[in-house]
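my questions concern the predicted model and sequence given below.
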Amino acid sequence: MSNDKKQFKKVPKFKNEDEEREFWSSHDSTEYFDWSKAVKGLKFPNLKPSTETISLRLTLSMLDDIKILANKNDVPYQSYIKILLSQKINELK
């Protein structure tokens with residue numbers, strides 16, 4: 001067994017995210033980091049996930065039902081829709 005430690009390359013300084021994205025698209029990160037020492041399950045509780053606005057057509061009766069249920073749970077109806085979708089997605093995984 002060898003006592004040689006792998007020498008990792010130094011990550012360059014980037015001017016912006018586009019430059020960094022371009023760099024990593026053509027370089028192997030294992031030459032720069034020892035991924036075996038990476039922290040697994042790291043959480044960023046204050047990091048807001050990216051969102052995208054969508055258009056969703058619902059019948060008026062379905063929207064009314066959602067608004068009534070959201071009101072009963074004291075949650076804005078759009079947030080309530082996200083809660084329902086998230087629950088169903090987790091259920092189907």
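Sure, I can see it. Bear in mind the structure is a predicted one, so any value in this text is a computation, not a measurement.

do you know how far the residue nearest the centre of the chain is from residue 55?
Nearest to the geometric centre of the chain sits residue 49, at 5.3 Å (CA atoms, centre = their mean). From residue 49 across to residue 55, the span is 20 Å (CB to CB, to the nearest Å). Just so you know, the C-beta spots here come from the backbone N, C-alpha and C atoms, and that holds for glycine as well.

just residue 22 next, same as before
From residue 22 over to residue 55 (counting by CB to CB), the distance is 33 Å.

who's more crowded, these two?
Higher neighbour count among residue 22 and residue 55: residue 22, with 12 against 4, using other CB atoms under 10 Å.

helix, strand, or coil at the more buried one?
Here residue 22 is recorded as helix under DSSP: H, G, I helix; E, B strand; the rest coil.

so where's the protein uncertain?
Per-residue confidence for the chain (pLDDT under 70) gives these ranges: 1-4.

mind naming the longest helix for it?
Determined from DSSP state H, the single longest helix within the chain is helix 77-92.

residue ranges of the helices in this protein, please?
So, for the chain - with DSSP H - the helices run 17-25, 60-72, 77-92.

list the contacts of the longest helix of the chain.
The contact list for helix 77-92, computed with CB atoms under 8 Å, 6 or more residues apart in numbering, reads 63, 66-67, 69-71, 73, 75.

now it, how far from the chain's geometric center?
16 Å (CA atoms, centre = their mean, to the nearest Å).

then stretch 53-67?
How far stretch 53-67 lies from its chain's middle: 26 Å, per CA atoms, centre = their mean.

buried residues of the longest helix of the chain, list them for me.
Under the neighbour-count criterion of 16 or more other CB atoms under 10 Å, helix 77-92 has 77, 80-81 buried.

can I get those in a markdown table including distance to residue 59?
Formatted as a markdown table, these follow (distance: CB to CB, whole Å):
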| residue | distance to residue 59 |
| --- | --- |
| 77 | 14 |
| 80 | 17 |
| 81 | 14 |
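
what's the closest of the residues you listed to residue 34?
residue 81 (43.0 Å; CB to CB).
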